[in-house]
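Novice: I would like the atomic coordinates for the input below:
(one chain, ligands or ions: 1)
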Amino acid sequence: MNSIQILIVDFGSQYTLVIGRTLRELGVRSLILPPKKVEKWLKNNTLKAVILSGSNYSVHNEGAPEIPKVLDISGKKYFILGICYGMQLLSHKLGGKVERPIGHREYGPSLVKVNTKHSLFNKVKETTEVWASHGDTVIKLPKNFNSIATSSGIAAMSDKDNRVMGIQFHPEVIDTKEGKKILQNFLNISGCKKDWNPLNLVEQIQKEVLDIVNKDKNIKKVILGVSGGVDSTTLARVLSPVLGDRLICVAIDTGGFRKNELAELKENTKSALGKNKVKNLVVISAQEEFIKNISGTIDGEEKRAKFRTLYKKIFEEQIAKYNAEFIVQGTLATDIIESGKAGQSTMIKTHHNVGLSWKVKDLHPFKNLFKYEVRELARVLNLPKAIYERNPFPGPGLFLRVVGVPVSKENIELVREADKTVNDILKKHNLDKDISQLIVALLGVNSVGVKGDERVYGHSLAIRAVQTADFMTAKGYYFPEDVVNEITNALTKHKNIVRVFFDMTPKPPATTEFE
Ligand code: XMP
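Specialist: From the prediction side, this is the model:
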């Protein structure tokens, strides 16, 4: 593999990994490093360009992340692009001025007027829709810099040699309509060539895993956690040819699956391993244990913590049983970001498979990838369409969809049936194709209803469908009115369901799941 051409310095933005993903979509590999690791890495590597990420810091905060000196922000060594905080920091360090003018805060969609003559905005519309999220802003440019875009203030800047540039908005976010074009322009300006494709990635992951596993000649068994989802199924497919019978796929039936999901899990793993390797799939039945543990709390994070503890205990038992030396999981970049384990990003939700300390070595070969990239791997590896187009589903499953009321067998069953009902209606109307994920949740908000002239005091169900490419941001989906009525009628047939709410809140501020 060629060396990395472009480095992303991570100052802790939620979107840093999205920059890497967007560059890969443009066919270019990149590396993301926290500032303190840059100098050491650069000793053995060469670069063409650097992107400085956003951050939740202000440049004026104590402890605000700094640009590593070795990157030389004069632009003599590398082409540099600062995004949001990255632009503010460049400006602050080069003699400009960054302030937080009262009432200036930009958050969400905004219109920007760009200088189309500047190569960073080549072929971009003069007035373009962008996504911004900042309180601080550059109010005075450094010497030798020009403003190359404006919104209510300076929205982008460039030095006179076009080597050091800054953008106040986020080109990596899908809601910046021409963001990809802007990043492609930066790749062109800095001379970065295409060097990424999914089949290379499969080979690279296989080689990495083999190198690690083969270092220890005694490795006899590697345990892979599988859930039937696209990530772990694809990982089974990637690893099966190189590990052969050394690979044992372990699935836990937690009792939190949707209808028919266990059967799908078996089918999917069979497709990944090949029919003659089905013996290498082990399903552990642990419904009672999970319900008993998780029913003790209604707090989302506590449920996740309990799920994680039990998940780890069961995997440790399997590791011991098979005398395995490694555990491999299909953890994605998004799981790591939201668990607060990516550089300096903050914790949103605990993920059951991130940050566990195992007695054996653990590997996360997909840790830098996003869902859509794993789907691409699944596709090039000829897995069935049903797998690479499958909607995501969280590890803790339906336990996260009983909200504000204790999890019980009955509640889980109710949500499971309701989920099936809504899914069937969506399929019937051919709407499932428009939706990235459907969530049907039981809300423990009791309210009064009337059924057959009788007063009923019962629960509510929430229906939430989102549209997204990367699950870092999402739009709430608006169902057609007739479908809303059909869903509501079907669900309120249950004796304990009085109301059905439809939730269209985008992410942010909401997340996809309720917990
Ligand atoms: P949120 O709710 O954080 O979810 O917007 C983003 C995507 O991740 C899924 N998700 C999980 N997946 N383990 C998983 O494997 C988890 O603990 C988990 N929590 C959320 C969620 O369903 C959505 O697709």
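Novice: before we move on, which element is the spatially most central residue of the chain in?
Specialist: Nearest to the geometric centre of the chain sits residue 334, at 2.6 Å (CA atoms, centre = their mean). Take DSSP states H and E as the rule and residue 334 turns out to sit in helix 333-338.
Novice: can you give me the offset of that helix from its chain's centre?
Specialist: On the basis of CA atoms, centre = their mean, to the nearest Å, helix 333-338 sits 5 Å off its chain's mean C-alpha point.
Novice: Pairing partners for the helix or strand that it is followed by, with directions?
Specialist: Sequence-wise, the next helix or strand downstream of helix 333-338 (DSSP H and E) is strand 361-363. Take DSSP bridges as the rule and strand 361-363 pairs in its sheet with strand 326-328 (parallel).
Novice: quick one: secondary structure of the closest residue to residue 94 other than its chain neighbours?
Specialist: Closest residue in space to residue 94, ignoring its immediate chain neighbours: residue 142 at 3.6 Å, by CB to CB, 6 or more residues apart in numbering. For every residue, glycine as well, the C-beta is placed using N, CA and C. Following DSSP: H, G, I helix; E, B strand; the rest coil, the label given to residue 142 is coil.
Novice: now residue 142: how far from residue 54?
Specialist: 19 Å (CB to CB, to the nearest Å).
Novice: swap in residue 243?
Specialist: Taken as CB to CB, the span from residue 243 to residue 54 is 39 Å.
Novice: Mind checking which of residue 142 and residue 54 has more residues around it?
Specialist: Neighbour count, other CB atoms under 10 Å: between residue 142 and residue 54, residue 54 has more, with 27 against 19.
Novice: how close does the more buried one sit to residue 136?
Specialist: According to CB to CB, residue 54 stands 11 Å off from residue 136.
Novice: Report the strands that pair with the strand or helix carrying residue 466, each with its relative direction.
Specialist: Assigned by DSSP H and E, residue 466 belongs to strand 454-467. Partners of strand 454-467 in the sheet, by DSSP bridges, are strand 437-451 (antiparallel), strand 475-476 (antiparallel), strand 497-502 (parallel).
Novice: Can you spell out which residues form a bridge with residue 111?
Specialist: If you apply DSSP bridges, the partners that residue 111 bridges to are residue 129.
Novice: Which residues are in contact with it?
Specialist: Contact analysis of residue 111 by CB atoms under 8 Å, 6 or more residues apart in numbering lists 127-130, 151.
Novice: what does residue 395 give?
Specialist: Applying CB under 8 Å, 6+ apart, one finds that residue 395 lies in contact with 227, 307, 311, 351-353.
Novice: Specify which member of these is nearest to residue 381.
Specialist: residue 227 (17.8 Å; CB to CB).
Novice: what about that closest one, distance to the ligand?
Specialist: Separation of residue 227 from the ligand (CB to the nearest ligand atom, to the nearest Å) stands at 7 Å.
Novice: in terms of contact, does that residue touch residue 251 like I think?
Specialist: Yes: counting by CB atoms under 8 Å, residue 227 touches residue 251, with 6.5 Å between them.
Novice: which residues are common contacts for these two?
Specialist: Joint contacts of residue 227 and residue 251 (CB under 8 Å, 6+ apart) are residue 265.
Novice: So the helix or strand bottoming out on mean pLDDT in the chain, near the ligand or not?
Specialist: Using mean pLDDT, DSSP states H and E, helix 333-338 stands out as the lowest-scoring helix or strand of the chain, at a mean of 76. Yes: using CB under 6 Å from any ligand atom, we find that helix 333-338 touches the ligand at residue 338.
Novice: hmm, who's touching that helix?
Specialist: Against helix 333-338 from outside (CB under 8 Å, 6+ apart): 14, 17, 20-21, 342, 345, 347-349, 351, 353-354, 364, 366-371, 470-472.
Novice: list the buried ones in that helix?
Specialist: Of all the residues in helix 333-338, those buried under the rule 16 or more other CB atoms under 10 Å are 333-338.
Novice: burial count for residue 448?
Specialist: Per other CB under 10 Å, the neighbour tally for residue 448 reads 10.
Novice: My error: substitute residue 264 in the last question.
Specialist: The number of residues packed near residue 264 is 18, by other CB under 10 Å.
Novice: dump the residue contacts of it.
Specialist: Residue 264 sits next to residue 228 when contact means CB under 8 Å, 6+ apart.
Novice: ok, now with 10 Å
Specialist: 228-229, 233, 257-258, 386-387, 390 (CB atoms under 10 Å, 6 or more residues apart in numbering).
Novice: Kindly give a single PyMOL line that selects the buried subset of these.
Specialist: Applying 16+ other CB under 10 Å to the contacts of residue 264 leaves a buried subset, and the PyMOL line that selects it is:
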select buried, resi 228+229+233+257+258+387+390
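Novice: got the buried residues for stretch 203-221?
Specialist: 205-206, 209, 212-213, 219, 221.
Novice: same thing with stretch 352-361?
Specialist: Neighbour counts over stretch 352-361 (16+ other CB under 10 Å) mark 352-354, 356, 360 as buried.
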